[in-house]
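Student: What follows is a predicted structure for the sequence shown.
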Amino acid sequence: MLKSKYEWLPPDIKALTSADSGLHPEIERLFLARGLDSFIDSQIAGASAPETWHSPFAFKDMQIVVNRIKRSIELGEKIMIYGDYDADGTTATAVLMRVLRRLNADVDFYIPNRFTDGYGPNATKFQQFADGGYKLVITVDCGISALNEATLLKDAGVDLIITDHHHAKENLPKAVAIIHPELDENYPFDKLAGVGVALKIAEALLDGELEDDDYILAMYGTVGDVVDLLDENRTIVKRGLKAIKTTELPGIQALLSIADENQYEMDEKTVGFAVCPRLNAPGRMEDANMVVDLLLANDDEMAYEIAVEIEYWNNQRKTVTNQITEAAISQITGKNLSQLKAVVLHNPEWHEGVLGIVASKIVDKFGIAVIVLTTNEEGDLKGSARAPEGFDILQALVKNEKLLKRYGGHESAAGMTLATTDPTELEVGLNTVLNDLTINRTMTFDLEMPLAELNLNWYNELLQLAPFGPGNQYPIIKLSGAKIKSVKRVGTKEHLKFSVYADKHELDAIFFNGAETFVYLTNEAKFDILAEVDINEWNGKKKLQLRIRDLACDELQLIDLRNQQLNTEFGTKITDAFIIDAPLESKQKVKLAYQQSGAKNIVLKPLNPMTMPTREQFVLVYKDVKKHAPFSLRSAHIEYFAKAGIPQTMLTFIIKVFVEMGLFTFNEGIVELRSTDQKVDFETAPSYISRKEKITVLEFLELATADEILHYLNGGCNEFEL
């Protein structure tokens, strides 16, 4: 039996439409379940699917923004765009820079440095802008909490336009205008990323004449900020993916070249896994201004040079992340996780820029809340928190705010600076808050289908739901009663590859970070599987493959750890199991012990080989004892018999048999011969019979298949009993 990591929740099934859309019935249900009825209607009508797009002037302050920016352009005023150091903030900055340059504005940009400026508007920088003659500052992807900084600009006679999408506090900054979808009741969609907000301003300034490359930049920021891919966000990503196939923007082409990605085959997954991490890397490791320079570059050679530098920082980010993750995991191994809902990890040498990534990896591996801290230049403990579904890490921080200087975030992610130098204080405080919390990790599947129906035609229909992401997650398929074969560990043994089959149908599968299930994937058992379906292309051939998300087996399984290396690796990790190892008195006793155990699995451990002494060995011992007795089993005698091919354990057994048959006595290490002329059959001695039973069990467990062992232990018989 293999328990699933998650509680599996069925989909919210909706009835089919009355008319035939031509889609596979289960995919049609999926469209309806996700509120994409308009797509079904367009399919039935034979029309193209509609796109959602709103007027930028639905924002109540948009006309004010347009008027103020155009006035600055007319007057030749200097404009400063102040962004953020992540993919959303840098692409938002690039979008507005491109548009304002098209309008001949005198515009510059600044991306704050994570390590020296901190997050969001910085008072020192804002004062420098005022002193430098800038008359208008526009924030993108930040600024909604900048109360003091806004007042500073106002007092200096500099106008401020705030564009943001982050959670706002009760009091708002004093600005000429605020464009914020969550705060604006007039705007019909409140989930735009920071770059989405910048794109709406660009659209308003250009009277709707956006360029294809603007959508590409907006797509990068939208995917990178992991916002819901619904409504306008869905449209932005679809338009960006279409536009990227033909773009000649030097920065985009250089970035894709360095990433070794084909612009003609880009999808939202490639953007999320290959492009956005590179856009985020400089801000995490060094300085994100180079990202905006790349996106604005007009020269191929310059763009390529910047892309090479970004790739360097991305590689540094990966190396540092892996090193810190390993160190963090080593700290966790010393903790009693069964008693903890949250852990706090600290090392003063850890790089601040990757702590959020490390925390996410820890959550994925251990399923607990985690805070990862370093020590900054001021000597404060500073870091990131992440939590699995069902936790509210922000509320846990609120209830421990006496230990914090600063903090902010939401349910599953937060950042903080501690007011204490002892991280264990915070760990104790968090666990006190979370102690009574019952965590149910759930995963909802979208479709339950037989393996035989998963083919390329079905997959192409499924792709019409794209782009996938938060709010429109990649569909998860449930397969029931499938078998698994050809299991291999790949990568650095942390991932698994295998085949899933049912009847005559078979698909390859990859299970990332699934190594802990390796020994459970037995050939004989049937599994229920949750998986995504995608394409694996090799040598020009495209095949469907399963990307495993979770799996379970309700059957009794025999976990074969007879290989010593596997036993060392997995032997202590398998619980609720009947362990078959020495001593093994008889097959019947093994069967009875198992049947009384009520265990969910059977684990077969490495078994030390055992042989029966030959008749010649019995004779040799008898003759030597008869010739030299009485004698003690000193090292000289033991060595003598060992040279004759009778090791000490076997010698002890032979002497015991002769003692049981009345031929020897053995007291306090002294062997003596009893005077008897009676012939005896040593095969009738209790020790001989017991050893013979043990050898029979060992032979059975060594030679039998898992099916034969399971059949016997569950009450059946087999050839070894005949």
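Tutor: Nice, I can see it.
Student: For the longest strand seen in the chain, output the C-alpha coordinates as CSV.
Tutor: Ranked by residue count, the top strand of the chain under DSSP state E comes out as strand 477-490. Extracted C-alpha coordinates of strand 477-490, given in CSV (Å, rounded to 0.1, in the frame of the first residue of the first chain):
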residue,chain,number,x,y,z
ILE,A,477,-6.1,13.7,-15.0
LYS,A,478,-7.0,10.8,-12.7
LEU,A,479,-6.1,7.3,-14.0
SER,A,480,-7.4,4.3,-12.0
GLY,A,481,-6.1,0.8,-11.8
ALA,A,482,-3.0,1.3,-13.9
LYS,A,483,0.2,-0.8,-13.6
ILE,A,484,3.8,0.5,-13.6
LYS,A,485,7.0,-1.0,-15.0
SER,A,486,10.5,-0.2,-16.0
VAL,A,487,11.1,2.2,-13.1
LYS,A,488,14.4,4.1,-13.3
ARG,A,489,15.9,6.8,-11.1
VAL,A,490,17.1,9.8,-13.1
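Student: Quick one: residues in contact with that strand.
Tutor: By CB atoms under 8 Å, 6 or more residues apart in numbering, the surrounding residues in contact with strand 477-490 are 8, 445-451, 454, 495-502, 509, 515, 518, 521-523, 525-533, 546. The C-beta positions use only the backbone N, C-alpha and C, and glycine is treated the same way.
Student: Please pick the buried ones from those.
Tutor: 8, 445-447, 449, 451, 454, 495-498, 500, 502, 509, 515, 518, 521-522, 525, 527-533, 546 (16 or more other CB atoms under 10 Å).
Student: Let's see the pLDDT reported for residue 383.
Tutor: Here, the pLDDT recorded for residue 383 equals 93.
Student: Kindly state the beta-bridge partners for it.
Tutor: residue 373, residue 416 (DSSP bridges).
Student: show me what contacts it?
Tutor: Residue 383 touches 346, 352, 355, 359, 371, 372, 373, 374, 415, 416, counting by CB under 8 Å, 6+ apart.
Student: Kindly report the same for residue 689.
Tutor: residue 683.
Student: Make sure it is indeed in a helix.
Tutor: Yes - counting by DSSP: H, G, I helix; E, B strand; the rest coil, residue 689 is part of a helix.
Student: And the pLDDT for it?
Tutor: 92.
Student: Repeat that for residue 288.
Tutor: 96.
Student: before we move on, what about residue 649?
Tutor: 89.
Student: same question, residue 47
Tutor: 54.
Student: for the one 10 residues further on, same thing?
Tutor: Looking at residue 57, its pLDDT stands at 97.
Student: What of residue 609?
Tutor: 82.
Student: Give me the distance between residue 276 and residue 364.
Tutor: As for residue 276, its distance to residue 364 is 18 Å (criterion: CB to CB, to the nearest Å).
Student: Tell me which of the two has more neighbours.
Tutor: Neighbour tally, residue 276 and residue 364, criterion other CB atoms under 10 Å: the higher count belongs to residue 276, 22 against 12.
Student: these two touch, right, the more buried one and residue 219?
Tutor: No - with contact defined as CB atoms under 8 Å, residue 276 does not count as touching residue 219 (10.0 Å).
Student: Strands along the stretch 1-150 of the chain, start to end?
Tutor: Under the criterion DSSP state E, counting those that start in this stretch, the stretch 1-150 of the chain contains strands at 7-9, 78-82, 106-110, 134-140.
Student: Against which helices or strands is the shortest one packed?
Tutor: This points to strand 7-9. Judged by 3 or more CB pairs under 8 Å, 6 or more residues apart in numbering; DSSP states H and E, strand 7-9 is in contact with strand 442-444.
Student: again, 10 Å this time
Tutor: strand 442-444, strand 541-552 (3 or more CB pairs under 10 Å, 6 or more residues apart in numbering; DSSP states H and E).
Student: about what we covered before: quick check: neighbours shared by residue 276 and residue 219?
Tutor: residue 91 (CB atoms under 10 Å, 6 or more residues apart in numbering).
Student: still on that earlier bit, how about TSV for the strands of the stretch 1-150 of the chain, with mean pLDDT and distance to residue 24 added?
Tutor: Listed next are the strands of the stretch 1-150 of the chain as TSV, based on pLDDT from 0 to 100; distance: least, CB to CB, whole Å:
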stretch	mean pLDDT	distance to residue 24
strand 7-9	92	22
strand 78-82	98	47
strand 106-110	98	48
strand 134-140	97	42
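Student: Mind jotting down where the strands sit in the stretch 201-350 of the chain?
Tutor: 342-346.
Student: mind checking which helix or strand of this protein has the lowest mean pLDDT?
Tutor: Lowest on mean pLDDT, DSSP states H and E among the helices and strands of the chain sits helix 37-45, with a mean of 65.
Student: Could you report the neighbour count for the residue lying closest to residue 684 once chain neighbours are set aside?
Tutor: Nearest-residue entry for residue 684: residue 661, 7.8 Å, with adjacent residues in sequence omitted and distances by CB to CB, 6 or more residues apart in numbering. Per other CB under 10 Å, the neighbour tally for residue 661 reads 20.
Student: For residue 661, give me its contacts.
Tutor: 674, 676, 678, 680, 681, 682, 683, 684, 685, 686, 687, 688.
Student: From these, which one has the minimum pLDDT?
Tutor: residue 676 (67).
Student: Now for residue 628, how many residues are close by?
Tutor: 12.
Student: Past the longest strand of the chain, which element shows up next along the chain?
Tutor: strand 495-502 (DSSP states H and E).
Student: Run the angle between that next one and strand 541-552 for me.
Tutor: 90 degrees (axes from the mean of the first three to the mean of the last three CA atoms, to 10 degrees).
Student: same for strand 495-502, what does it pack against?
Tutor: Packed next to strand 495-502, using 3+ CB pairs under 10 Å, 6+ apart, are strand 477-490, strand 505-511, strand 527-538, strand 541-552.
Student: Now tell me what touches that strand from outside.
Tutor: Contacts of strand 495-502 (CB under 10 Å, 6+ apart): 450-452, 454, 479-491, 506-518, 521, 526-527, 529, 531, 545-546, 548, 551.
Student: hmm, back to that, kindly reformat the helices and strands packed on strand 495-502 as JSON lines containing mean pLDDT.
Tutor: Formatted as JSON lines, the helices and strands packed on strand 495-502 follow (pLDDT from 0 to 100):
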{"stretch": "strand 477-490", "mean pLDDT": "95"}
{"stretch": "strand 505-511", "mean pLDDT": "96"}
{"stretch": "strand 527-538", "mean pLDDT": "92"}
{"stretch": "strand 541-552", "mean pLDDT": "94"}
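Student: just to revisit the earlier point, among the contacts of residue 383, name the least confidently predicted one.
Tutor: Out of the contacts of residue 383, that is residue 415, at 88.
Student: ok, so what distance separates the closest residue to that one other than its chain neighbours from residue 126?
Tutor: The spatial neighbour of residue 415 that comes closest, neighbours along the chain excluded (CB to CB, 6+ apart), is residue 384 at 5.4 Å. Noted for residue 384: a distance of 26 Å to residue 126, by CB to CB.
Student: on that earlier part again, looking at it, the residue nearest to residue 415 is touching residue 357, isn't it?
Tutor: Yes - the pair residue 384 / residue 357 is scored as a contact, 8.5 Å apart, by CB atoms under 10 Å.
Student: Could you name every residue contacting both of those two?
Tutor: residue 372.
Student: Give me the pLDDT for the residue nearest to residue 65 when sequence neighbours are not counted.
Tutor: Excluding the flanking residues, the one nearest residue 65 by CB to CB, 6+ apart is residue 177, at 4.8 Å. Note for residue 177: predicted pLDDT of 97.
Student: Make sure residue 177 is actually in contact with residue 150.
Tutor: No - the pair residue 177 / residue 150 is not scored as a contact, 11.8 Å apart, by CB under 10 Å.
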